[in-house]
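1. based on what follows, work out the 3D shape:
(one chain, ligands or ions: 2)
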Amino acid sequence: MTAAPEPQAGSAPEKRLFIKTYGCQMNVYDSERMADVLRPLGYGVVDSPEGADLVVLNTCHIREKAAEKVYSEIGRLKELRAEDPASAGMTIAVAGCVAQAEGQELMNRAPAVDFVIGPQAFHKLPELVARNSRVRGERLSAEFAAEEKFDALAGPAAARKVAGPAAFLTVQEGCDKFCTFCVVPYTRGAEFSRPAEAILAEARALAEQGVREVTLLGQNVNAYDGAPGGLAALVRALAAVPGLDRIRYTTSHPRDMDAALIAAHGEIEALMPYLHLPVQSGSDRVLKAMNRAHTAERYLRLVERIRGARPDIALSGDFIVGFPGETDADFDATLELVRQVRYASAFSFKYSRRPGTPAAVMADQVEETVKAERLARLQALLEEQRQSFNAAVVGRTLPVLFERKGRYAGQVVGRTPYLQGIFTEGPDTLIGQIAAVEITATGPNSLSGRLAAADAALEPA
Ligand code: 5AD
Ligand code: SF4
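-> Ligands and ions are numbered 1, 2, ... in the order given. This is a model prediction of the structure:
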């Protein structure tokens, strides 16, 4: 869960907007864009719901827990609205994937909600807010029209404002892969790629605001086909945008990792050595039941080819334990795959039954206690690998993009090319700059380092 976007400094806005963001980075991007479309209506982002005129919960439906969190948050907001006179006029809107998947049910179950708006319709927020304000029960349904959404967002009325030097940029939405556990093809719709010109225009505008790094987002970002040559060609074009020094992309499907994109990792300096490449399981039997269309062996060969192009690449992955029918042997195969790959970071989850997906009705659902035990074992191994990846950079000098101030005066926080967070002592003027840092130590969640002498040779990232 992420709080987004950043509240803005400056003159007090006429109306107060609080957005709470759950789930993936695409939601973070969408939340920022919601703030952009509401800004011309006098809404300014604030950092708490107290006294807000409009609260938007931008929700996630991927696992049951994520979806349930929304209902408890609605309960808290309802109480706030009833008890705090300053919050009495608050409009509560639910956006994102829960709105898409459970729209009508949500309105029935949570009458405190004033309206719901799906992930493809939020460009219509101004219209809805203007018309609605506290007229309960309006429901703007979201048809899958990603194209319309992006067109609407490209106009000057929705000019994008970003807070720091690293920004997300959605280039692709939706998914046609239909993994049997996943709701995304139902909540985000079919794969859609934005045209390259629109992306380049947005990237140029970001660079003009001081953005040095963009992370290209898509549920299946490497299936991007909005330009001849696909994602590799898009990355190449973005690398030529003046001021953009770093490019990342996420999330990729192993099936769409083509030769051109692999080669790009060895050829394009601006393409950072980090790749999120979910495998989900190391058992071919489970992978087949998940409809992943790859085997463990194929994934391992792919990793080898990627490391052939970029030997130091930081690999990250997603894992699901306790998929229906997963045996001890299947789980052991996952551990074995992890041992072979050696991940720099990873996300792992207990399988969560999602209504409407094929796996939800599969036989042999795995006991919660078994899932919990497997998850703990997998996470221990992944954590060990993360720590050893971090420990291996100690002593190296790496280019760090500084993104913000630290908690203490004189401290700045940035990221290495491998996406590791790093704390350094240095002036605030470093924010927005890339500087050479010698890595001195590794902590549980981040690295620390000291600024290298201005003429220190940067190791190639
Ligand atoms: N249960 C558990 N994890 C899931 N994911 C997607 N659907 C489910 C589910 N039903 C995980 C996958 C995916 C990540 C975004 O969330 O690992 O890659
Ligand atoms: Fe979900 Fe699979 Fe599509 Fe990823 S590739 S969004 S896991 S259906």
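
2. okay, stretch 105-112 in PDB with CA atoms only?
-> Presented in PDB, the C-alpha positions along stretch 105-112 are these (Å, rounded to 0.1, in the frame of the first residue of the first chain):
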ATOM      1  CA  GLU A 105     -22.000  -5.000  -4.500                       C
ATOM      2  CA  LEU A 106     -19.800  -2.300  -3.000                       C
ATOM      3  CA  MET A 107     -22.600   0.300  -3.300                       C
ATOM      4  CA  ASN A 108     -25.000  -2.100  -1.500                       C
ATOM      5  CA  ARG A 109     -22.600  -3.200   1.100                       C
ATOM      6  CA  ALA A 110     -21.200   0.300   1.900                       C
ATOM      7  CA  PRO A 111     -23.900   2.900   1.500                       C
ATOM      8  CA  ALA A 112     -21.400   5.500   2.900                       C
END
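
3. pLDDT averaged over it - what is it?
-> The average pLDDT within stretch 105-112 is 89.

4. now stretch 452-461
-> Averaging pLDDT along stretch 452-461 yields 63.

5. mind starting the numbering at 12 from now?
-> Renumbered: residue one is now 12, and that last one reads stretch 463-472.

6. how about the strands of the stretch 62-211 of the chain, start to end?
-> In the stretch 62-211 of the chain, strands defined by DSSP state E, counting those that start in this stretch lie at 65-70, 102-107, 126-128, 149-151, 177-181, 183-184, 203-204, listed in chain order.

7. would you turn those into JSON lines with distance to ligand 2, mean pLDDT and mean neighbour count?
-> (C-beta placed from N, C-alpha, C; glycine too.) Rendered in JSON lines, the data for these read as follows (distance: least, CB to the nearest ligand atom, whole Å; pLDDT from 0 to 100; neighbours: other CB atoms under 10 Å):
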{"stretch": "strand 65-70", "distance to ligand 2": "16", "mean pLDDT": "96", "mean neighbour count": "27"}
{"stretch": "strand 102-107", "distance to ligand 2": "15", "mean pLDDT": "92", "mean neighbour count": "26"}
{"stretch": "strand 126-128", "distance to ligand 2": "21", "mean pLDDT": "88", "mean neighbour count": "27"}
{"stretch": "strand 149-151", "distance to ligand 2": "24", "mean pLDDT": "61", "mean neighbour count": "17"}
{"stretch": "strand 177-181", "distance to ligand 2": "14", "mean pLDDT": "95", "mean neighbour count": "22"}
{"stretch": "strand 183-184", "distance to ligand 2": "10", "mean pLDDT": "94", "mean neighbour count": "27"}
{"stretch": "strand 203-204", "distance to ligand 2": "13", "mean pLDDT": "94", "mean neighbour count": "22"}
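
8. could I get those as a markdown table with distance to Leu409?
-> Below are those laid out as a markdown table (distance: least, CB to CB, whole Å):
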| stretch | distance to Leu409 |
| --- | --- |
| strand 65-70 | 34 |
| strand 102-107 | 36 |
| strand 126-128 | 42 |
| strand 149-151 | 47 |
| strand 177-181 | 16 |
| strand 183-184 | 30 |
| strand 203-204 | 33 |
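
9. tell me which of these sits nearest to Phe29.
-> Distances from Phe29 to each of these were compared by CB to CB, and the smallest falls on strand 65-70, at 4.8 Å.
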